[in-house]
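1. prediction below, plus the sequence it came from.
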Amino acid sequence: MDIRHLTDTYAVSPQITPDDVATIAGAGFTTVICNRPDGEIPPDVQADALRRAVEAAGLRFVVNPVVGGAITMENVTAQGDALTASTGPVLAYCASGNRSSIVWALSQAGTRPTDELIAIPAKFGYALEPFRPTLEQLAKG
């Protein structure tokens, strides 16, 4: 499991499994966000299987499936709402962590400088530069 901390309270990860949940809870996360559509993965790591494991560990589980190349404002809003509602650190996962980084950055537009929202995920190999115009537009409100 490869947890990548974008901030003190938000991290991303490639696909997790039910076996990873104890590590996630032990690391202090209180909310897990699934940004991976079920259609991409086998049943043993789909949202329902992970929801059972995450909630059994006492953590909150949020499903916000993000389709690569088709991120919606509903995805962005849902990610931001999940962050706001969380009582502690959040771990979001998808196939690589990229989509989870993108919806995080878009949900944070206007609260942090655009350069920072691009540079933080870049440290982990996530290229958000193509989203600069959208980040700047969202930051204007």
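-> Happy to help now that I have it. Numbering: from 1, shown residues only.
2. which parts of the chain are strands?
-> 4-5, 10-13, 31-34, 60-63, 90-93 (DSSP state E).
3. who touches the last one?
-> For strand 90-93, contacts defined as C-beta atoms under 8 Å, 6 or more residues apart in numbering pick out 3, 9-16, 24, 27, 29-36, 79, 82-83, 100, 103-104. C-beta coordinates here come from the backbone N, C-alpha and C atoms, glycine included.
4. I'd like the strands of the chain laid out as JSON lines, including mean neighbour count and distance to Glu136.
-> JSON lines is the format used below for these (neighbours: other C-beta atoms under 10 Å; distance: least, C-beta to C-beta, whole Å):
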{"stretch": "strand 4-5", "mean neighbour count": "18", "distance to Glu136": "24"}
{"stretch": "strand 10-13", "mean neighbour count": "24", "distance to Glu136": "21"}
{"stretch": "strand 31-34", "mean neighbour count": "25", "distance to Glu136": "25"}
{"stretch": "strand 60-63", "mean neighbour count": "19", "distance to Glu136": "27"}
{"stretch": "strand 90-93", "mean neighbour count": "26", "distance to Glu136": "23"}
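5. for Lys140, find the nearest of those strands.
-> Counting by C-beta to C-beta, Lys140 lies closest to strand 10-13 out of those; the figure is 22.9 Å.
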